[in-house]
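*Asks:* return atomic coordinates for the entry below.
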Amino acid sequence: MDGIISNLYEDFKRFEPVRIESLNKGWSSDDKYIVVTTKGKYLLRLSDKKQSDRAQRQVHIINQAVNADIPTQQVIDHGTCLNDTKYFILLSWIEAADAEKEILKYSTEAQYDFGRVAGGYLKKIHGFHSTYQLSDTWDELFNRKIDKKLEMYKNCELKYENDERLIEAVNTYRKNLSSVPLVVHHGDFHLGNMLIGRDHTLYVIDYDRHDVGAAWEEFNRLPFCYDVSPAFARGLVDAYFEDRTPEIFWKMLCLYTATNALSALPWAVPFGMDEIATMIKQTESLYAQYNDFTRVIPQWYRR
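*Replies:* Now for the predicted structure:
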């Protein structure tokens, strides 16, 4: 690590760095560093050179977010470094607190309002220009994803209790899949990838999991919101649909969150018992929200 940091000092000497330190935070595959220079503080993200096309797409999305007035980090520079082995994105630093903790300091009404702000941001993101070209329709793409996740769960050494209810819900609601327009996804849109500033500004960060898909699939991260703040989750949905949420949305939301749960446990196994316990707890919450999948509108949305 010390050798890498020494090389980064040399590669980024034009920015006059005075301190570079590793930032071990989040689940991104990128290596992240805090870079303090004579001119300010930055976040440096490094990905493998083979992922340069994806990194450049991320830059394109971040720039669109800035142009759409979504508070986020600005791209300062990007390109190759470390003897052309890594692709870097240098981003402005945001002095703000993690939203998933900070939001609980606010009233329920304020949490709902933050959710409405987030819903407006998400609507804008889904209007971004995409550089992806996919030939398959959404129902073809997502049915393949479902089959893959069912297989992952089947082969997993661990199982959820009453997993037949989860599997039945997935197989029931997948029948509602259809060919719909594909939009740009943030890819991981939830409170864990948001910040709240001292001026109460809500920021959206971490676009590295961006992809394209049906707009409503983006809501598959809502469990990471409603488990923290049901009011925030309600505000997000209400604002996105301009207070006219279609009934079919709830069926699709159940499908997308239940499908995520199928792969959550196999994903957690290599990371050990803490992550396994987290995913089991979150799936138990999902069962409770849908009353063992006997209702379609989740408990967190009921007022």
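
*Asks:* tell me the buried residues in stretch 129-137?
*Replies:* In terms of neighbour count (16 or more other CB atoms under 10 Å), stretch 129-137 has its buried residues at Ser130. (C-beta placed from N, C-alpha, C; glycine too.)

*Asks:* who touches it?
*Replies:* When contacts are defined by CB atoms under 8 Å, 6 or more residues apart in numbering, stretch 129-137 is touched by residues 57, 60, 64, 141, 179, 182-184, 211-212.

*Asks:* would a markdown table of those with neighbour count and secondary structure be doable?
*Replies:* Compiled in a markdown table, the contacts of stretch 129-137 are given as follows (neighbours: other CB atoms under 10 Å; DSSP: H, G, I helix; E, B strand; the rest coil):
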| residue | neighbour count | secondary structure |
| --- | --- | --- |
| Arg57 | 19 | helix |
| His60 | 18 | helix |
| Gln64 | 18 | helix |
| Leu141 | 19 | helix |
| Ser179 | 12 | coil |
| Leu182 | 20 | coil |
| Val183 | 17 | strand |
| Val184 | 24 | strand |
| Asp211 | 17 | strand |
| Val212 | 19 | strand |
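
*Asks:* now Phe15: how far from Tyr42?
*Replies:* 8 Å (CB to CB, to the nearest Å).

*Asks:* er, Pro266 I mean
*Replies:* Taken as CB to CB, the spacing of Pro266 relative to Tyr42 amounts to 36 Å.

*Asks:* the two: which has the busier surroundings?
*Replies:* More crowded of Pro266 and Tyr42, by other CB atoms under 10 Å: Tyr42, with 22 against 18.

*Asks:* who touches the more buried one in this structure?
*Replies:* Taking CB under 8 Å, 6+ apart as the definition of contact, the neighbours of Tyr42 are 15, 34-36, 76, 90-93.

*Asks:* angles on the backbone of it, please.
*Replies:* The main-chain torsion angles of Tyr42 are listed as degrees, to the nearest 10 and equal phi -140, psi 160.

*Asks:* cool, and Asp77?
*Replies:* Listed backbone geometry of Asp77 is phi -160, psi 160, with angles given as degrees, to the nearest 10.

*Asks:* going forward, the N-terminal residue is numbered 371.
*Replies:* Sure, I'll start counting at 371 from here, so that last one is Asp447.

*Asks:* can you map out the strands along the stretch 471-620 of the chain?
*Replies:* If you assign secondary structure with DSSP state E, counting those that start in this stretch, the strands in the stretch 471-620 of the chain sit at 553-555, 564-566, 572-574, 581-583.

*Asks:* neighbouring contacts of the third one?
*Replies:* Which is strand 572-574. Surrounding strand 572-574, the residues in contact under the criterion CB under 8 Å, 6+ apart are 435, 440-443, 464, 466, 469, 484, 487-488, 491, 556, 559, 563-567.

*Asks:* again, only this time at 6 Å
*Replies:* The set of residues that contact strand 572-574 without belonging to it, under CB atoms under 6 Å, 6 or more residues apart in numbering, is 440-442, 464, 466, 484, 487, 491, 564-566.

*Asks:* next one: that strand to chain centre, how far?
*Replies:* Strand 572-574 sits 13 Å away from the centroid of its parent chain (CA atoms, centre = their mean, to the nearest Å).

*Asks:* what mean pLDDT does that strand have?
*Replies:* Averaging pLDDT along strand 572-574 yields 98.

*Asks:* partner strands of it and their direction?
*Replies:* The partner list of strand 572-574 in its sheet, established with DSSP bridges, is strand 564-566 (antiparallel).

*Asks:* noted, bye for now.
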